[in-house]
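Asker: A predicted structure for the sequence below; I have some questions about it.
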Amino acid sequence: MNSKSFDYQRIAQGYAMDRPFLHKQVMELLRKDLPGEGNFQNGLDIGCGAGLSTKALKLLCDKVTGVDISGEMIIAARTLYQEPAYTFFQSSAEEIKAPPHSFDIVTAAGVVNWVDEKSFLTNLWPIMTKEGILVVYDFWITDRMKGNEAYTGWWHDRYLKEFPKPPRKEIIWTQEMVGPCGFIMDKQAAYTLEYGFDKEAFIKFMMTQSNVNAQIDEGGKTAGEAACWFEDTLGEVFSKEKETLIFEGWYWKLIKNGELL
């Protein structure tokens, strides 16, 4: 699934309205690893989607700029976040133009599976302040809900068979990789997050997942058919009004250092 798969109004609206604000929890975990517990002037959020990750970065910054390759995502973000402290524009992660000011902190959520690492980092280096901080992070749904074995069975026996995981590049960055691009890998950390869904909210959230959108994009199902499949198969999973889904994730904290080699 290429980047254009995200460039549809339905997906942009789903990102704007139906995804939980887990990015805030990540910023709260990250804050203890930042100078002064996070108090920056200018922040840049790469792969901002409909703006949730930019909203989270705003907790650490006076002003934030969000960029995304999808024009539909940028339209959604500008509609939701109209305050002067927010700026959004369309760009790929590897081609962000130099702003009138440098960025003290940069975040990239769910981006590294889709970028060329060297181009991404070398493009960032000149638009960041001296010793600026880059935080690369991601989180994903797991096969676990609290006290809910029915969900685990549904995940493996039904969901992954109906909506297989699309191919993507998965790589762990190392100091050997980021060093020639002018960065120090300062920390790599893993975490878990929790979020409560009722059945309707869970279906809307799942309709934004790359597994589902790959099927729709490739013509395997319509969006309506996918939503009906979730409705038909989740009855036993949601025996209570709300169920708590467990997410796993990680973040990498990099510091700009020295010169490009």
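Answerer: Nice, I can see it.
Asker: what about the strands in the stretch 51-200 of the chain?
Answerer: Counting by DSSP state E, counting those that start in this stretch, the stretch 51-200 of the chain has strands at residues 61-68, 86-90, 103-109, 128-145, 183-197.
Asker: want to throw those into a markdown table with mean neighbour count and mean pLDDT?
Answerer: (C-beta placed from N, C-alpha, C; glycine too.) Output for the strands of the stretch 51-200 of the chain, formatted as a markdown table (neighbours: other CB atoms under 10 Å; pLDDT from 0 to 100):
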| stretch | mean neighbour count | mean pLDDT |
| --- | --- | --- |
| strand 61-68 | 23 | 96 |
| strand 86-90 | 18 | 96 |
| strand 103-109 | 25 | 96 |
| strand 128-145 | 19 | 95 |
| strand 183-197 | 15 | 96 |
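Asker: can I get these in CSV with distance to residue 21?
Answerer: Formatted as CSV, those follow (distance: least, CB to CB, whole Å):
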stretch, distance to residue 21
strand 61-68, 15
strand 86-90, 16
strand 103-109, 12
strand 128-145, 12
strand 183-197, 9
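Asker: Which of those strands sits closest to residue 115?
Answerer: For the strands of the stretch 51-200 of the chain, proximity to residue 115 was assessed by CB to CB; strand 103-109 is nearest, at 8.1 Å.
Asker: Quick one: residues in contact with that closest one.
Answerer: Here strand 103-109 makes contact (CB atoms under 8 Å, 6 or more residues apart in numbering) with 23, 26, 34, 38, 40-47, 53, 56-57, 60-61, 65, 93, 124, 127-129, 132-138.
Asker: Could you do stretch 20-33 as well?
Answerer: Contacts for stretch 20-33 (CB under 8 Å, 6+ apart): 37-38, 52-53, 55-57, 59-60, 109, 135, 137, 139, 187, 189, 191, 193, 195, 197, 205, 247, 249, 251, 253.
Asker: could I get that stretch in CSV with only the CA atoms?
Answerer: This file holds the C-alpha atoms of stretch 20-33, laid out as CSV (Å, rounded to 0.1, in the frame of the first residue of the first chain):
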residue,chain,number,x,y,z
PRO,A,20,-8.1,7.8,20.1
PHE,A,21,-5.8,10.6,21.3
LEU,A,22,-3.1,8.1,22.4
HIS,A,23,-0.4,10.5,21.2
LYS,A,24,-1.0,12.6,24.4
GLN,A,25,-0.1,9.6,26.5
VAL,A,26,3.1,9.2,24.5
MET,A,27,4.0,12.8,25.1
GLU,A,28,3.4,12.4,28.8
LEU,A,29,5.8,9.4,28.8
LEU,A,30,8.4,11.2,26.8
ARG,A,31,8.3,14.4,28.8
LYS,A,32,10.5,13.0,31.6
ASP,A,33,13.3,12.4,29.0
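Asker: Tell me which residues of it come out buried.
Answerer: Neighbour-count burial for stretch 20-33, counted by 16 or more other CB atoms under 10 Å, picks out 20, 22-23, 25-27, 30.
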